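Engineer: kindly generate the corresponding structure for this input.
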Amino acid sequence: MIFRQLFDQTSSTYTYLLGDSASGEAVLIDPVFEQARRDLALIAELGLRLQWTVDTHVHADHVTGAWLLKQHAGSRIAISAASGAEGADRYLQDGDTVAFGPRHLLVRATPGHTNGCISLVLDDESMAFTGDCLLIRGTGRTDFQQGNANALFHAVQDKLFTLPDACLLYPAHDYRGLTVTSVGEERRFNPRLGGELCESDFVGYVSNLRLPHPRQIDIAVPANLQCGAAASAPSQQAEPVWAPLSYTFAGIWELQPQWLEEHLEAPQIIDVREPAEFDGPLGRIPHARLIPLGDLAARSGEIAPERPVVTVCRAGGRSAQATVILRQAGFESVANLAGGMLRWRAEGRVVENAGV
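Structural biologist: Sure thing, here's the model as predicted:
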């Protein structure tokens with residue numbers, strides 16, 4: 001099984017990717033709208049097909065990426081039937097399963113933070129995804145969106161603490177940089193409802209948290225009640241239109257050699273190798289201009305900001321960093337030549353000044 005834990009720093013949200021390597025099927029839990037491009041890049045690089053996005057509840061601190069991922073990947077949207085959300089492909093009930101290849105996630109209704117909160121338990125009970133129900137040494141709050149402290153206490157005790165002690169728990173959020181806990185740990189050490197704490201202890205604790213409302217609540221909740229439909233979501237970053245670019249999980253826009261060879265005079269080609277390499281046996285791409293990587297930041301003023309830029313080096317590593325430097329300098333239309341000169345020469349593309 002393929003498993004990845006992803007993080008959105010703005011909302012402190014964890015997104016979880018689970019995939020079956022044999023079938024290539026995958027499911028994504030709690031996707032974030034602004035991170036859809038990142039998620040799609042990772043899914044493509046791992047050779048997976050996204051079957052489902054599942055939101056553990058109607059989030060109040062970020063807009064879900066479910067709708068956007070459906071447009072780009074053809075995935076289907078699943079959310080709790082008690083969530084009140086519209087536009088999903090499937091409405092989940094307690095005891096339902098969400099399959100990816102031969103594996104599946106079991107749905108356990110865990111209301112209390114909201115009416116529609118669910119947790120997802122992997123088929124072998126080795127891990128569970130608890131949304132905002134149970135956090136690492138904490139729980140979800142209960143002071144808005146149909147919150148109910150008594151219901152949350154029983155959800156944790158009856159649906160999560162009944163799992164094996166070794167079962168790893170992955171929450172939808174963490175604000176201290178913690179990544180994972182276990183049922184046994186939380187049963188012993190959770191300061192809100194672990195150990196010998198009773199229901200009245202828990203209710204008194206969460207009723208006096210005095211937390212401010214999430215900053216994005218007025219945007220996030222209406223959008224998430226539509227499963228993140230774009231009409232209610234924040235503006236998506238524009239996709240590049242000057243060339244057919246692809247986005248990597250490393251955060252780099254890449255351009256394929258064939259397009260560049262067919263449009264050599266369209267972008268500015270900046271070769272960031274050293275002078276000896278530029279004049280060396282690999283040759284150089286016609287119209288390429290040499291600006292070594294170490295000089296690029298200081299010499300970025302030599303590059304026209306209104307024209308797209310393609311960076312190139314020996315194998316694509318230094319030129320990937322060159323795109324970062326140029327974006328920091330204010331260039332918007334920048335891409336890395338995938339594979340660099342090694343791939344360019346291996347594919348027999350046109351070069352100047354090549355050695356024997």
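
Engineer: mind listing the helices for the protein?
Structural biologist: Here the chain has its helices, by DSSP state H, at 36-45, 66-73, 149-155, 183-189, 199-206, 217-224, 257-262, 275-278, 293-299, 317-328, 340-346.

Engineer: next, count neighbours for the closest residue to V203 other than its chain neighbours.
Structural biologist: Distances taken as CB to CB, 6 or more residues apart in numbering place A149 nearest to V203, at 4.4 Å, with adjacent residues excluded. C-beta coordinates here come from the backbone N, C-alpha and C atoms, glycine included. Counted with other CB atoms under 10 Å, the neighbours of A149 add up to 22.

Engineer: distance to P244 and mean pLDDT added to the helices of the chain, as CSV?
Structural biologist: CSV is the format used below for the helices of the chain (distance: least, CB to CB, whole Å; pLDDT from 0 to 100):
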stretch, distance to P244, mean pLDDT
helix 36-45, 14, 97
helix 66-73, 15, 96
helix 149-155, 48, 97
helix 183-189, 47, 98
helix 199-206, 51, 95
helix 217-224, 30, 91
helix 257-262, 6, 98
helix 275-278, 27, 96
helix 293-299, 25, 97
helix 317-328, 16, 97
helix 340-346, 17, 97
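
Engineer: need the ones you listed in a markdown table (columns: distance to Q268).
Structural biologist: As requested, these are exported to a markdown table (distance: least, CB to CB, whole Å):
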| stretch | distance to Q268 |
| --- | --- |
| helix 36-45 | 24 |
| helix 66-73 | 29 |
| helix 149-155 | 57 |
| helix 183-189 | 55 |
| helix 199-206 | 57 |
| helix 217-224 | 38 |
| helix 257-262 | 12 |
| helix 275-278 | 16 |
| helix 293-299 | 13 |
| helix 317-328 | 10 |
| helix 340-346 | 17 |
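
Engineer: quick one: closest of those to D30.
Structural biologist: Among the helices of the chain, helix 66-73 comes nearest to D30, with 9.3 Å by CB to CB.

Engineer: hmm, F100 and D20 touching each other?
Structural biologist: Yes. Counting by CB atoms under 8 Å, F100 is a contact partner of D20 at 5.4 Å.

Engineer: A288 and L342: what is the separation?
Structural biologist: 15 Å (CB to CB, to the nearest Å).

Engineer: let me redo that: S12
Structural biologist: Using CB to CB, S12 is found at 40 Å from L342.

Engineer: check H287 too.
Structural biologist: Distance, H287 to L342, by CB to CB: 19 Å.

Engineer: excluding its backbone neighbours, what's nearest I252?
Structural biologist: Nearest one to I252, counting by CB to CB, 6+ apart, is A320 at 4.8 Å.

Engineer: to clarify, my last question referred to E261.
Structural biologist: Per CB to CB, 6+ apart, closest to E261 is R349, 4.9 Å.

Engineer: tell me if I'm right that L68 and A36 touch.
Structural biologist: Yes. Look at L68 against A36 with CB under 8 Å: they come within range, at 4.5 Å.

Engineer: confidence score at the residue nearest to E261?
Structural biologist: On pLDDT, R349 comes in at 96.

Engineer: that one: neighbour count?
Structural biologist: 17.

Engineer: roughly how far does it sit from S319?
Structural biologist: For R349, the distance to S319 (CB to CB) stands at 16 Å.

Engineer: swap in F161?
Structural biologist: Counting by CB to CB, the gap from F161 to S319 is 52 Å.

Engineer: which of these two has more neighbours?
Structural biologist: Using other CB under 10 Å, the more surrounded residue of F161 and S319 is S319, with 28 against 18.

Engineer: give the contact list for that one.
Structural biologist: Counting by CB atoms under 8 Å, 6 or more residues apart in numbering, S319 makes contact with 272, 293, 311-313, 336-337, 340.

Engineer: next one, pLDDT for the closest residue in space to I43 that isn't next to it in sequence please.
Structural biologist: Using CB to CB, 6+ apart and skipping residues adjacent in sequence, the residue nearest I43 is L50, 5.5 Å away. L50 carries a pLDDT value of 98.

Engineer: any idea what L50 is bridged to?
Structural biologist: Note on L50: beta-bridge partners by DSSP bridges are A26.

Engineer: contact partners for it?
Structural biologist: L50 neighbours (CB under 8 Å, 6+ apart): 26-28, 43, 69, 73-75.

Engineer: likewise for W253?
Structural biologist: 240, 245-247, 323, 334-336.

Engineer: would you turn the residues you listed into JSON lines with distance to F202?
Structural biologist: As requested, those are exported to JSON lines (distance: CB to CB, whole Å):
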{"residue": "P240", "distance to F202": "50"}
{"residue": "L245", "distance to F202": "51"}
{"residue": "S246", "distance to F202": "49"}
{"residue": "Y247", "distance to F202": "44"}
{"residue": "T323", "distance to F202": "50"}
{"residue": "V334", "distance to F202": "52"}
{"residue": "A335", "distance to F202": "53"}
{"residue": "N336", "distance to F202": "52"}
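
Engineer: tell me which of the residues you listed is nearest to G140?
Structural biologist: Nearest to G140 among these, with distances taken as CB to CB, is Y247, at 32.7 Å.

Engineer: right, and the closest one touches I43 too?
Structural biologist: No. Judged on CB under 8 Å, Y247 makes no contact with I43 at a distance of 11.6 Å.

Engineer: who has more neighbours, these two?
Structural biologist: Higher neighbour count among Y247 and I43: I43, with 24 against 17, using other CB under 10 Å.
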